[in-house]
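**Student:** Sequence and predicted structure are below.
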Amino acid sequence: MKRGFFIVSELTEPSRSAVLDVQRWADPKLAKDTTPHITLVGSSGVGPIRADTPVDVLRDELTSAASQIEPFTMQFGRPMRFMQTDIVVLPLDPHGALRALHERIAGSGLRFDRARFSFSPHCTLSFFSTLTPENERRLLRVRVDEPVAINRVQCYLTVEPVGGRRVLDIPLGGAA
């Protein structure tokens with residue numbers, strides 16, 4: 001397993017509860033081990049930030065990147081099975097403010113490990129569970145219509161694929 005820093009945006013209400021309700025029936029381990037979030041850096045676009053990066057350097061670089069992007073809202077797309085796996089995610093449009101935030105972090109000067117996938121921002125609904133045909137159909141019918149507010153980013157020191165310890169929580173737009 002690989003250690004590194006992942007950058008996420010934890011979901012807030014009302015989208016947090018809607019996603020957590022799905023995770024609880026679709027993948028109880030995921031619901032227990034993580035908080036619903038959008039993965040911004042670590043699994044796509046750029047890999048995890050190197051685990052030997054000092055936290056004060058992370059704080060400075062991420063604060064600078066986040067301060068340049070004002071808070072924004074988005075909508076989840078329809079669930080999809082993630083790249084020939086049993087993982088089901090709610091995708092987000094990879095353009096606009098979300099792309100700008102990702103690019104600012106990616107261009108910050110921090111050192112990243114190799115990415116496995118192109119930038120594909122998402123919220124995971126099911127990760128650990130083996131999909132049965134019935135659960136796959138049920139998951140792909142899920143709709144989370146509540147708006148997704150992106151107003152903060154969190155940095156987790158993690159051991160892939162999930163979990164970890166939050167080390168930073170930084171607001172967008174320079175707000176406190």
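**Tutor:** In hand now; what should we look at? Numbering: from 1, shown residues only.
**Student:** from here on, contacts and neighbour counts on C-alpha atoms
**Tutor:** Will do.
**Student:** Give the full set of residues in contact with residue 53.
**Tutor:** Residues counted as contacts of residue 53 (C-alpha atoms under 8 Å, 6 or more residues apart in numbering) are 110, 111.
**Student:** What does the pLDDT read for it?
**Tutor:** Reported pLDDT at residue 53 in the predicted model: 95.
**Student:** which element is the residue nearest the centre of the chain on?
**Tutor:** The residue lying closest to the centre of the chain (C-alpha atoms, centre = their mean) is residue 39, at 1.5 Å. Per DSSP states H and E, residue 39 falls inside strand 37-41.
**Student:** CA atoms only for that strand - export them in CSV, please.
**Tutor:** Provided in CSV are the C-alpha atoms of strand 37-41 (Å, rounded to 0.1, in the frame of the first residue of the first chain):
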residue,chain,number,x,y,z
HIS,A,37,-15.9,13.5,0.0
ILE,A,38,-14.8,14.5,-3.5
THR,A,39,-11.3,13.3,-4.4
LEU,A,40,-9.3,16.2,-5.9
VAL,A,41,-5.7,15.0,-5.7
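**Student:** list the helices and strands the following helix or strand past it packs on?
**Tutor:** Counting by DSSP H and E, the element after strand 37-41 in chain order, helix or strand, is helix 55-67. Counting by 3 or more C-alpha pairs under 8 Å, 6 or more residues apart in numbering; DSSP states H and E, the packing neighbours recorded for helix 55-67 are helix 97-106, strand 165-171.
**Student:** hmm, back to that, what does the strand holding residue 39 contact?
**Tutor:** 6-11, 47-49, 102, 106, 121-124.
**Student:** Am I right that residue 138 is in a strand?
**Tutor:** No: per DSSP: H, G, I helix; E, B strand; the rest coil, residue 138 lies outside any strand segment and is helix.
**Student:** Point out where the protein drops to low pLDDT.
**Tutor:** 1-2, 159-163, 174-176 (pLDDT under 70).
**Student:** picking that back up, determine which of the helices and strands packed on helix 55-67 approaches residue 131 most closely.
**Tutor:** Ranking those by proximity to residue 131 (C-alpha to C-alpha) places strand 165-171 first, at 28.0 Å.
**Student:** Relative to the closest one, what are the paired strands and their orientations?
**Tutor:** Here strand 165-171 is paired, per DSSP bridges, with strand 152-159 (antiparallel).
**Student:** so the partner strand versus strand 37-41, what angle?
**Tutor:** Between strand 152-159 and strand 37-41, the angle comes out at 80 degrees (axes from the mean of the first three to the mean of the last three C-alpha atoms, to 10 degrees).
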